[in-house]
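K.L.:
Have a look; sequence and predicted model below, questions after that.
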There are 2 protein chains.
Amino acid sequence: MNVEWHNIIDNQMSVFSVLNTDEKELLKRNSTCTLYKKNDIIYKEGDKPSGLICLSKGKVKIYKEGVGGREQIVRMAKPVGFIGYRAIFAEQNYLASAEAIEDCVICTIEKETLMKILKTNSNLSFSIIRSLASELGFSNNRTVTLTQKHIRGRLAESLVFLKDTYDLEKDNATIKVYLSREDIANLSNMTTSNAIRTLSTFASEKIIALDGRKIKILDLKGLERISELG
Amino acid sequence: MNVEWHNIIDNQMSVFSVLNTDEKELLKRNSTCTLYKKNDIIYKEGDKPSGLICLSKGKVKIYKEGVGGREQIVRMAKPVGFIGYRAIFAEQNYLASAEAIEDCVICTIEKETLMKILKTNSNLSFSIIRSLASELGFSNNRTVTLTQKHIRGRLAESLVFLKDTYDLEKDNATIKVYLSREDIANLSNMTTSNAIRTLSTFASEKIIALDGRKIKILDLKGLERISELG
DNA sequence: ATAAAAATATGTTAAAAAACATACAAATGT
DNA sequence: ACATTTGTATGTTTTTTAACATATTTTTAT
């Protein structure tokens, strides 16, 4: 458990790296860590956030239910990072759901503690402002991509996005995340059938190679070109 | 010019209402106000933001150029509110363009002054965090709407959105904004032809009434139902 | 080990929306 | 006042993608 806290608070990537020792101590005392198994729901659209959730280990998909229950993945979270922070800062209920796609370690910081530290620490505020602003830019980009690009373009962009988010295995080709075809479809705004079909087409064009859920990128430039053209 | 400043700083809706007298004075000394005519470009995708832009009078559309130059409106701004604040807080160049759809008065706050006030005023930081978080929720909603709803649902949602954003005229029916069919299309992710066609259909169904660019909402419940169903 | 369920694969059909074409009306500039 | 451009309207065709159907494979549970 202390290992998790080190990960969240002291990690270079963490926005909490700007805190002083006292503040870090305060955080540690007012938080709880939990383990989630793969496929566990962390929170549901409409739930009230109880604190700021930190993902210390594992991967999480954030998705919204749309027309007729159709799922749209709006974000893929990785450690170390926040989950559901939009809702808590907007002072709203969750507008999306979060589900573990791997076993996860999650630490929740009590809302009052968070606000107390925020009030005195303008650096932390800046970090959060910057994060929200960046994600808003990403979201606006996604809106245009998902509405305007054709199926091949959308899928190509998703594969590049997954590579950028989760990196590649040591072979420098396999995307370091294992998603079902359905999840890939829900990320790319297409039906599962079309995700499967288009992945097969990419494989037959030697742009990627498929081995079950493992996806190897064989021709990144080609993939980026397809994404670019739409 | 002083009238504009009163509007921006003291307005109940303004995030600057939380500032003290000294801070407001500092703001006033380090800002400039400009007039923009209808159809003027305020900034372009890729431009570097020079300060925080406040819309004091007029209406502005924020849009991105997508595949083949196709335009997607991501936000409609009204007074009093910020424009381009995402870019300045993300420390990025603009990811969208802003164009006046009416004559506008715009005041720009120098970046250094803004940051100085932000550093000492945690209330202002909270306001900005809340604004960004709310808009991120809106953007994620839009992504799902624009990708999943059918043409009628998207157009109905846009009309309700325009009504909520800009309110109605004294007749309690006419939406208080005058957009071209092309703008309505670019807001709703459809071709201009389809926007015209679907507006005509809504009019023939007595859900709305059209008089040039004036749109009267005759059956709000009906419009919301169409939007809801997708 | 075997049945049941879930995920993947692929072909076919149907629906939605874009693209295209053309006409007409309104605004704008000279 | 006229020509030119821009915006609106509507019909037709084509493209894209969802929906559907049906195997086959893989995973999970018993």
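P.N.:
That came through, no problem.
K.L.:
who does whichever strand or helix holds residue A:164 touch, helix- and strand-wise?
P.N.:
Here residue A:164, judged by DSSP states H and E, is contained in helix A:151-166. With contacts defined as 3 or more Cβ pairs under 8 Å, 6 or more residues apart in numbering or on different chains; DSSP states H and E, helix A:151-166 has these neighbours: strand A:71-77, helix A:122-148, helix A:181-188, helix A:192-204, strand A:214-217, helix A:220-229. All C-beta spots, glycine's among them, are computed from the backbone N, C-alpha and C.
K.L.:
Report the distance from it to the chain centre.
P.N.:
For helix A:151-166, the separation from the chain centroid amounts to 13 Å (computed by Cα atoms, centre = their mean, to the nearest Å).
K.L.:
what's the distance between residue A:157 and residue A:119?
P.N.:
Counting by Cβ to Cβ, to the nearest Å, the separation of residue A:157 from residue A:119 is 40 Å.
K.L.:
So the two - more neighbours on which side?
P.N.:
The residue with more neighbours, out of residue A:157 and residue A:119 and counting by other Cβ atoms under 10 Å in any protein chain shown, is residue A:157; that gives 23 against 14.
K.L.:
What's the per-residue pLDDT of that one here?
P.N.:
According to the model's per-residue confidence, residue A:157 sits at a pLDDT of 98.
K.L.:
same question, residue A:2
P.N.:
64.
K.L.:
now swap in residue A:16 and tell me
P.N.:
Per-residue confidence at residue A:16 stands at 82 (pLDDT).
K.L.:
and the closest residue to it other than its chain neighbours, what helix or strand is that in?
P.N.:
Computed as Cβ to Cβ, 6 or more residues apart in numbering or on different chains, the closest residue to residue A:16 that is not its neighbour in sequence is residue A:9, at 4.7 Å. According to DSSP H and E, residue A:9 maps onto helix A:2-10.
K.L.:
for chain A, which spans come out with low pLDDT?
P.N.:
Under the criterion of pLDDT under 70, the regions of chain A flagged as low confidence span A:1-2.
K.L.:
What parts of chain A come near DNA strand D?
P.N.:
Residues of chain A lying close to DNA strand D (Cβ under 7 Å from any atom of the strand) are A:68, A:150-152, A:189-191, A:193-194, A:212.
K.L.:
how about 10 Å then?
P.N.:
Residues of chain A found near DNA strand D, taking Cβ under 10 Å from any atom of the strand as the criterion, are A:38-39, A:67-68, A:70, A:146-155, A:185, A:188-198, A:212-213, A:230.
K.L.:
which phi and psi does residue A:113 have?
P.N.:
Main-chain torsions, residue A:113, degrees, to the nearest 10: phi -60, psi -50.
K.L.:
From residue A:204, how far off is whatever residue of chain A ends up closest to DNA strand C?
P.N.:
For chain A, the residue positioned closest to DNA strand C under Cβ to the nearest atom of the strand is residue A:181, at a distance of 3.4 Å. According to Cβ to Cβ, residue A:181 and residue A:204 sit 16 Å apart.
K.L.:
ok, the nearest residue to residue A:146 once chain neighbours are set aside - contacts?
P.N.:
Closest residue to residue A:146 apart from its sequence neighbours, by Cβ to Cβ, 6+ apart: residue A:189 at 4.4 Å. Residues counted as contacts of residue A:189 (Cβ atoms under 8 Å, 6 or more residues apart in numbering or on different chains) are A:72, A:146, A:154, B:147-148.
K.L.:
tell me the contacts of residue A:142?
P.N.:
Residue A:142 is in contact with A:74, B:143, counting by Cβ under 8 Å, 6+ apart.
K.L.:
What is the neighbour count of the spatially closest residue to residue A:228 that is not a sequence neighbour?
P.N.:
With sequence-adjacent residues excluded and distances taken as Cβ to Cβ, 6+ apart, residue A:228 is closest to residue A:153, at 7.9 Å. For residue A:153, the count of nearby residues is 20 (other Cβ under 10 Å).
K.L.:
circling back: for the residue nearest to residue A:146, grab phi and psi.
P.N.:
phi 60, psi 60.
K.L.:
Repeat that for residue A:13.
P.N.:
Dihedral angles of residue A:13 (phi, psi; degrees, to the nearest 10) stand at phi -80, psi -20.
K.L.:
Quick one: residues contacting it.
P.N.:
A:80-81.
K.L.:
So it versus chain B, what's the distance?
P.N.:
Distance of residue A:13 to chain B, given as Cβ to the nearest Cβ, to the nearest Å: 17 Å.
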